[in-house]
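A.B. asks: A structural model of the following input is requested.
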Amino acid sequence: MRFSFITVALILFTQSACAFPASATPASPEPAAIAMSFPIAQLGASSTKSNTTLPLGGIHMDAAQQTFPATLLLCELENCANCEELSLQVLAENLGTCFGAAFPYISVAISQPSNEGLPFIVGAAVPGCSSFLAIPTVNVCFNINAPTELFEEFILEA
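C.D. replies: A predicted model of the protein is given here:
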């Protein structure tokens, strides 16, 4: 009797597990997790400033059509580890604003799935945004190479 009860229970459990799979679509990875797989470059005073943040691999003609989603990653550790994620779609409504970060950071990235680049500059900034280093490319992790500066703010400029 006990054997048949256990058998029936197992059959019902198996049937319900097959009828209701855990997920039909895989979860997409978070931008901070993706950033750890980006190529790594140095961002320092010798970095050139442009009037936009370019896509990895050059300019695309339809860049304005694929701007968002894009996420700014400010990271406490080198090579884009332990990052805070900030939506650039929300922040872009306030171009020209100096924003404070939650902590001093030493590496940055802009995660953008479309790889189209941005129509504005995103800069890693010192307190007060009196000077900043423009992040030149999306989907690249930049270790900040400015040992005498403390980067704890960032700026978006047109």
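A.B. asks: residues in contact with stretch 149-156?
C.D. replies: 72, 74, 88, 91-92, 94-101, 103-106, 108, 120-129, 131-133, 144 (C-beta atoms under 8 Å, 6 or more residues apart in numbering). The way it works is simple: take the backbone N, C-alpha and C, and place the C-beta from them, glycine included.
A.B. asks: Beyond the host helix or strand of residue 42, next helix or strand please.
C.D. replies: Assigned by DSSP states H and E, residue 42 belongs to strand 40-44. Sequence-wise, the next helix or strand downstream of strand 40-44 (DSSP H and E) is strand 71-77.
A.B. asks: mind listing what's buried in that following strand?
C.D. replies: Neighbour-count burial for strand 71-77, counted by 16 or more other C-beta atoms under 10 Å, picks out 71-75.
A.B. asks: same check, this time on stretch 80-91
C.D. replies: 80, 83, 86, 88, 91.
A.B. asks: ok, for the last one, nearest residue in space, not its chain neighbours?
C.D. replies: Think residue 91. Nearest residue to residue 91 in three dimensions, chain neighbours excluded: residue 156, at 5.8 Å (C-beta to C-beta, 6 or more residues apart in numbering).
A.B. asks: follow-up on the earlier one: show residues contacting the strand holding residue 42.
C.D. replies: Under C-beta under 8 Å, 6+ apart, the answer for strand 40-44 is 79-80, 108, 124, 133, 135-137, 140-146.
A.B. asks: picking that back up, any of the contacts of stretch 149-156 buried? List them.
C.D. replies: Judged by 16+ other C-beta under 10 Å, buried ones among the contacts of stretch 149-156: 72, 74, 88, 91-92, 98, 101, 105-106, 108, 120-126, 129, 132-133, 144.
A.B. asks: Narrow those to those in strands?
C.D. replies: Applying DSSP state E to the buried ones among the contacts of stretch 149-156, the entries found in strands are 72, 74, 98, 108, 121-125, 132-133, 144.
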